[in-house]
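>>> Need coordinates for the below:
(2 chains)
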Amino acid sequence: MALLRLPSRRAVLRAGLAAAGTTVLPDPGRAAAAELRFGLTPVFLTSDLELLARLKAYLERATGRPVRLVTRRTYQEITTLLVTGQLDAAWICGYPFAAYRSQLALVAVPVWKRRPLYQSYLIAAADRTASGLADLRGDAHAFSDPDSNSGWLVTAAELADMGTDPGRFFRQSFFTYGHRNVIRAVGAGLAMSGSVDGYVYEVMRETEAELVAATRIVRASDWLGFPPVACSVALAQAPETERLRRALAEMGDDADGRAVLAMLQLDGFSIEEPSLFDPIAALMHKVKGAAG
Amino acid sequence: MRTRAPLALKVPVVVAAFLVAVSLFTSEQVLTRLEEIQTRHLETLARVHLDGLATALVDAVLREDVWEVFDVLDRTRQGSPDLIATETIVTTQDGRVIAATDPRRVPSGAALPSEYQASPTDDLRIRVSEARAFAHRAIVYNGLPVGAIYARLDIAPLLAERQRVLDALVWTNVGLTILVVIAAWITVRRMLRPVQILAAHLEEGVAGPVGTIPEALVSRAGPEFRRLFLAFNTIACAYREREDLIRRLAEEEKLASLGRLASGMAHEINNPLGGLFNALDTLKRHGDRPFVRSDALSLIDRGLCGIRDIVRSALMTYRADRDGRLLDGSDLDDLRVLAGPELRRHGLTLSWRNGCDERVDLPASHVRQIALNLLLNACQAAPAGGAVEVTIEMAKGALTLRVDDSGPGLPSDAARILTAPAAVPHVGPGSGLGLWMTARLIADLSGRISVASSPLVGASVTVTLPLSQIGALPDVA
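Below is the predicted model of the structure:
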């Protein structure tokens, strides 16, 4: 394990991340090495404690290891923990997966509406008539997370196509660190528009209809790779990863697993090629090119 | 005196006024105190609310993190439904809004709304008319102000509570006042009941015979009033005894006057008797001579006729007293005969005008007694050789009897006895008992009496008796 971690630590330094913000709590001894440390990003509806308990119970049973679910406020923290080997696997966004493509490997990709794909939505207050990004010029705009594909990258890439960037295009923009928060900010009027995960938006349409009803979709993006479960590339073929991959892929065969999927409104998990996230990588390059 | 309010009304009014004054004072005190408590409560609430927010917001304000500031405000609002803050605004040190609970009203980056502008010393401004208050607090980091929190507080519930307290006070006080006023009214009435009993008996005494207060009422009264009642009863008894005495004296006077009448009548009978005996003697001695006989018989006839008239009128007086029949015009004419001896004794001239020639709805005995008394009184008052005038008229449903004399006029004592029957004469012979009796008889017939000076120099006494008084006639001596 220690050997595996060393290059990961260097990766952190290379990324220039502040160590204080990313340290994980010390492991309670070596005995916990057998523990599966599974990270969750805010792409996921982390607010549901029952869902977390069910997911933990299912994964523990299916992998035969104790599972510790790790949640953090930002995508960046989870991504850093994952690439530095402090997590065994994590449910991250397609954007960090594309960004750390050389260091991360796919474990499984969720299947939503029978496809491992989702969209990014531009949303605005329900009473607005905007029909595209161009109509949102001068808005106060809410992004989800600077490392989110749907809650930042898609909109930023489209602005790059238009030859501009969020700082110039919007009067004001801010990050809410959660797709739900974007919907809250737009619903309350704190932001006039927002970039949000289409999957989260659709699920919340049922679970928090009132909140969603205060907003409307201005524009849905192309279908892009669903936020995947990834692991360090070093662990890609490890037996533990294989077990986790199987556990995820066979989730629909188990009652607890089905309950978790039902709560997440997912069909299941599938094994996909990393090329699924090439369109996201293209967006990333577009934004980087514009910035450069 | 009569226009002043009675005690049974005055005391409750004074009590009510006192209670209203007390309740106004206490209500004012309670409300002032409540306002103080509410203001303190509001200050505490505002301080707790703003202190909690300030602590939670320092970092976000330093970073001017719009979302985090809003998130804290939003969660705080949703977490405490009874929070009275209806709007909270967080600004930077230079007064730009970072976020507010209602971003649509107060968007991020805008200037602080003017209603929130406050002097730095004034932590809490209460606007009762708008049912809201404004509070603010600086956000301090490392001893330096980095921003501020402004809150608008809804004080409508506090005002409503104040109104409820006021309502409760008003209604309680109104209820209490009504209860106490009723209690005061009942108490005063109970306290005044002996006074009313006493007053009723006194009034009864003024109108007619004085009655004593029944023993049951005396024993029920409190000690003070029992003494008063007993004293009243003693006086009432003494008064009644005195009245009885007067009545007996009046009866005796009546008998005495009857005696005088009888002696007059005896004299009237005696005069012709002498003539009759002479005529009889003449008849015995010279009865064989026809012209002497016819002269004597004619003399006897006239004498007997005179005697018959006198006896008949005396009988009439007796019978009228006994029968209780209605008055006839001729009943009054008879009085001339009865008073004849008195008139002649004093050598008086009687002028008699009787306008009553029919039966009228008045008791014969009473009217005869009244007329006779007044006539005899006039005979006594008129000097020797004087004149007495009696006028009887029927007019406007009443019988009017006027007696004039050429005497020195009615003494004021006698006039008072006649016109004010309640006045009691000095007890003694010749002290106006006849007049007192007359006045009582007139009062019993609901008649009126007036005394004036007569064209004959002396007194003129006029009595007016309304007709149809038969039914209500009590037995009067």
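>>> How about residue 276, nearest residue that isn't a chain neighbour?
All of this is about chain A. A:G225 (4.2 Å; Cβ to Cβ, 6 or more residues apart in numbering or on different chains). Where you see a C-beta, it was placed from the backbone N, CA and C, and this is true even at glycine.
>>> actually chain B
B:G303 (4.5 Å).
>>> Quick one: residues contacting that neighbour.
B:272-273, B:275-276, B:279 (Cβ atoms under 8 Å, 6 or more residues apart in numbering or on different chains).
>>> swap in A:A214?
By Cβ under 8 Å, 6+ apart, the contact list for A:A214 reads A:125-126, A:186-188.
>>> One more pass at 7 Å, please.
A:125-126, A:187 (Cβ atoms under 7 Å, 6 or more residues apart in numbering or on different chains).
>>> Span of stretch A:109-128 from start to end?
35 Å (Cα to Cα, to the nearest Å).
>>> Pull out the buried positions in that stretch.
Neighbour-count burial for stretch A:109-128, counted by 16 or more other Cβ atoms under 10 Å in any protein chain shown, picks out A:109-112, A:116-125, A:128.
>>> thinking again about what came up before, in helices only, show me the contacts of B:G303.
Counted as lying in helices by DSSP state H, out of the contacts of B:G303, are B:272-273, B:275-276, B:279.
>>> about what we covered before: among the buried residues of stretch A:109-128, which are in helices?
Judged by DSSP H, helices contain none of the buried residues of stretch A:109-128.
>>> and of those, the nearest to chain B?
A:A125 (8.6 Å; Cβ to the nearest Cβ).
>>> Against chain A, how distant is B:L112?
17 Å (Cβ to the nearest Cβ, to the nearest Å).
>>> Same check on B:L280?
Computed as Cβ to the nearest Cβ, the B:L280 to chain A distance reads 148 Å.
>>> cool, B:F232 as well?
90 Å.
>>> quick revisit: just the contacts of B:G303 now: which is nearest B:A452?
Using Cβ to Cβ, B:P272 comes nearest to B:A452 of the contacts of B:G303, at 39.8 Å.
>>> Report the contact partners of the closest one.
With Cβ under 7 Å, 6+ apart, B:P272 has these contacts: B:303, B:306-307.
>>> Output the residues you listed in TSV; the columns should cover distance to B:A199 and secondary structure.
TSV is the format used below for these (distance: Cβ to Cβ, whole Å; DSSP: H, G, I helix; E, B strand; the rest coil):
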residue	distance to B:A199	secondary structure
B:G303	64	helix
B:G306	59	helix
B:I307	59	helix
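>>> Hmm, which of the residues you listed is lowest in pLDDT?
Ranked by pLDDT, those bottom out at B:G306 (77).
>>> Need the nearest residue in space to it, chain neighbours excluded.
Nearest non-adjacent residue to B:G306 (Cβ to Cβ, 6+ apart): B:P272, at 5.1 Å.
>>> ok so, going back, of the contacts of A:A214, which belong to strands?
Judged by DSSP state E, strands contain the following of the contacts of A:A214: A:A125.
>>> I'd guess A:G252 is in a helix, am I close?
Yes. Per DSSP: H, G, I helix; E, B strand; the rest coil, A:G252 lies within a helix segment.
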